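Q: Generate coordinates for the sequence data below:
(4 chains)
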Number of protein chains: 2
Amino acid sequence: MAVTIHDVARETGVSIRTVSRVVNGRGRVAEATRQRVLAAVKELGYRPNALARGLVSGKTLSVAVIIRQITDPFFPEFVQGVESVARSQGYSVFLCNTNEDPQQELAYIEALSAKQVDGIILCGTGLNTEQLDRVSAFHRLAMVTSRERREGAVVYFPGEAGLFETTAHLIGLGHRAIGHLGWRTRADGERFAGYGRALTEYGLEVDRRRIVFIPRVSIEAGRLAARQLFEQAPEVTGISCYNDLMAIGALQACAELGRRVPQDVAVVGFDDIPLASLVTPALTTMHVPRYKLGEMVMCLLLQVMTTEGPYDEQLYVQPQLVIRESCGACGRGDASFSSPVKLKGRR
Amino acid sequence: MAVTIHDVARETGVSIRTVSRVVNGRGRVAEATRQRVLAAVKELGYRPNALARGLVSGKTLSVAVIIRQITDPFFPEFVQGVESVARSQGYSVFLCNTNEDPQQELAYIEALSAKQVDGIILCGTGLNTEQLDRVSAFHRLAMVTSRERREGAVVYFPGEAGLFETTAHLIGLGHRAIGHLGWRTRADGERFAGYGRALTEYGLEVDRRRIVFIPRVSIEAGRLAARQLFEQAPEVTGISCYNDLMAIGALQACAELGRRVPQDVAVVGFDDIPLASLVTPALTTMHVPRYKLGEMVMCLLLQVMTTEGPYDEQLYVQPQLVIRESCGACGRGDASFSSPVKLKGRR
DNA sequence: TTGTACGCGTTATCAT
DNA sequence: ATGATAACGCGTACAA
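A: This is a model prediction of the structure:
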């Protein structure tokens, strides 16, 4: 069995109360006693049981981060940001991967509440508003979302406005037949909505044939989706994508089909993952400061956790359009500058 | 305050013992009572406090995975493997990122022991043998390592043999001036050792100038290291790298410096991350089944946790050399098959 | 079949 | 300054 506070007390000849005082640094303790206790702690290798501590204190000093896909390059950096702030405040982090499944997400939240985590961070939740309200009634939480939300602690980066901007960028470059590679079929997809609004505002039709949704995000899924798009709507000359992974998949598809980027087809992504600047043509995309997002939302959660009652604060992060080469808008789209290290179409 | 077992008992008019029985599904309970209790549980939203449960049972149903770098594409898939097995057995997973810092790693282990996790998974630990022995004396643990280890539960994939093989591959292709991009300067680096042994066994000199170590693994670090390598030893025609990230960085460097791959320089990696098959020339590398590794080590940990006393089992995973294009060994290294989607030299 | 009571390792409230 | 002791919420001998 592990060594407990009683062992230390017995060893030192004081009461457990005193040991507790020394260990927690609260309350006055004679320096001599303090030293003796500290010595015993070290010698016995005493480590306070966080369970017992949490049981009585009601605080576990642990938080959970729920993300959709750890293999999506978006999330690791985000998690790092969360973790760095959390650790600096003495918090441990539970990482939970929902595999983009809302059921899984709910299941995790259930389990976490049993674990008595002090707070939960949601990044790109798949829950609907009602579910979200229920959860936020029972947990201290902070979230990163691209869905408009007027209550609670949220770091908001507008997916709708983001895709409006990328799509408008394509329109501004003269494209008229613009396709979209989207995530899921949900009617309330903000990014998809941004795509639609851009078309509409510029007087273009939203054509179902030019839209392909895929359930799970990956380069390979993007490649396949793009191929499908070109079959359904060969006239497409511009593609705005849900994110960079899909966009890179689209680049592959273009390469396979002999469509030159950006000369024949312009492709624009979202997220600006590290890979985006590495591919050739380098991907034009919306930059999202992932690490900073993680730091911000964890800071918000700290506020939430130290506040009695509801805590409302919405932080807005404006994604930035990063113009590279995949849309041909970059002044010197000189192919001779490209390195011969290329992405392959398929393995 | 949260609803406790007492609330449910009061609501139902039974004792907490009965509620406990129903909730845990142990012991005989009259079906009628059972239903009433279940109803109350649902209505009140009762959720057993895992802290209290863990305190009395000595089990928390949670494990921790300690990894070096969540942003290294190696780890996310590994973690997924761990998580899938863990979840299937009702375990939650703490994810801990050490940022390749052994001190951080020790700190995490300390904290985790306070959290009473039931087990710990180490993936590519930075601890030395002595530290490892100490830790394994106090915790149930399983590990993935490329360092030979004859005790405990370990999934072993031989880094030494792996780099021997990649280096030997280069030698077999006729290369004589072979460089190495390594991680850290540690004398006990297994992969570096494999590189050295290959040279020696084939009668080649180990030349210090042809070796560059970098402290942190990334594509960018690999690029810079490769540039340094070419400055120190311009005669190099083959490079065996610690992992794929470095190798891809090396590909970039070659591109920048006008050295054609594989015609002028052959590059070989290790890990076979998804990106490896996407770059052109596609990277020749050692394939490591990351997801499977995660599943295996979690299964081992389950064994460890359900076994009284020490549990010893070493699983060997043989990495496979995947011959692609970056060494020119692929029969038809026909450049015209390459897609125009390329990696850029720098952003 | 069901209930009482104790203990898990802490923290914190009271005395002393 | 320090020591008994009561919670915290739950599992489980043991009793009924």
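
Q: Let me know whether residue A:235 touches residue A:177 as I believe.
A: Yes: using CB atoms under 8 Å, residue A:235 is in contact with residue A:177, at 4.6 Å. C-beta here means a position set from N, CA and C on the backbone, and glycine is covered the same way.

Q: Between the two, which is the more surrounded one?
A: More crowded of residue A:235 and residue A:177, by other CB atoms under 10 Å in any protein chain shown: residue A:177, with 16 against 11.

Q: Report pLDDT for the more buried one.
A: Per-residue pLDDT puts residue A:177 at 97.

Q: so it sits right up against residue A:210, yeah?
A: Yes: between residue A:177 and residue A:210 there is a contact at 6.9 Å, judged by CB under 8 Å.

Q: Mutual contacts of those two, please.
A: Common neighbours of residue A:177 and residue A:210, using CB atoms under 8 Å, 6 or more residues apart in numbering or on different chains, are A:233, A:236.

Q: what about the residue of the stretch 1-150 of chain A found nearest DNA strand D, is that helix, strand or coil?
A: Closest to DNA strand D within the stretch 1-150 of chain A is residue A:28: 3.0 Å, counting by CB to the nearest atom of the strand. Of the three states, residue A:28 takes coil under DSSP: H, G, I helix; E, B strand; the rest coil.

Q: What ranges in chain A fall below the confidence cut-off?
A: Applying pLDDT under 70 to chain A flags the ranges A:1, A:185-188, A:330-347.

Q: So which bits of the stretch 1-150 of chain A are right by chain B?
A: The stretch 1-150 of chain A comes close to chain B at residues A:47-52, A:54-55, A:60, A:62, A:70-71, A:73, A:76-77, A:79-80, A:83, A:92-97, A:110-116, A:138, as judged by CB under 8 Å from any CB of the partner chain.

Q: Okay, helices next: where are they in the stretch 1-150 of chain A?
A: Per DSSP state H, counting those that start in this stretch, the stretch 1-150 of chain A carries helices over the ranges A:5-12, A:16-24, A:31-44, A:50-57, A:74-88, A:102-114, A:129-138.

Q: which helices and strands sit right next to the helix or strand containing residue A:297?
A: Assigned by DSSP states H and E, residue A:297 belongs to helix A:290-305. Applying 3 or more CB pairs under 8 Å, 6 or more residues apart in numbering or on different chains; DSSP states H and E, we find helix A:290-305 packed against strand A:62-67, helix A:74-88, strand A:119-123, strand A:141-145, strand A:153-156, strand A:313-316.

Q: again, only this time at 7 Å
A: In terms of contacts (3 or more CB pairs under 7 Å, 6 or more residues apart in numbering or on different chains; DSSP states H and E), helix A:290-305 is packed against helix A:74-88, strand A:119-123, strand A:141-145, strand A:153-156, strand A:313-316.

Q: Out of the ones you listed, which gets nearest to residue A:296?
A: Among the helices and strands packed on helix A:290-305, the nearest to residue A:296 by CB to CB is strand A:153-156 (5.0 Å).

Q: Which stretches in the stretch 101-250 of chain A count as strands?
A: Along the stretch 101-250 of chain A, counting by DSSP state E, counting those that start in this stretch, strands occupy A:119-123, A:141-145, A:153-156, A:178-183, A:211-214, A:238-241.

Q: Let me have these in JSON lines, adding mean neighbour count and distance to residue B:259 as columns.
A: Shown next, in JSON lines, are the strands of the stretch 101-250 of chain A (neighbours: other CB atoms under 10 Å in any protein chain shown; distance: least, CB to CB, whole Å):
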{"stretch": "strand A:119-123", "mean neighbour count": "26", "distance to residue B:259": "41"}
{"stretch": "strand A:141-145", "mean neighbour count": "26", "distance to residue B:259": "43"}
{"stretch": "strand A:153-156", "mean neighbour count": "23", "distance to residue B:259": "44"}
{"stretch": "strand A:178-183", "mean neighbour count": "27", "distance to residue B:259": "36"}
{"stretch": "strand A:211-214", "mean neighbour count": "20", "distance to residue B:259": "39"}
{"stretch": "strand A:238-241", "mean neighbour count": "32", "distance to residue B:259": "34"}
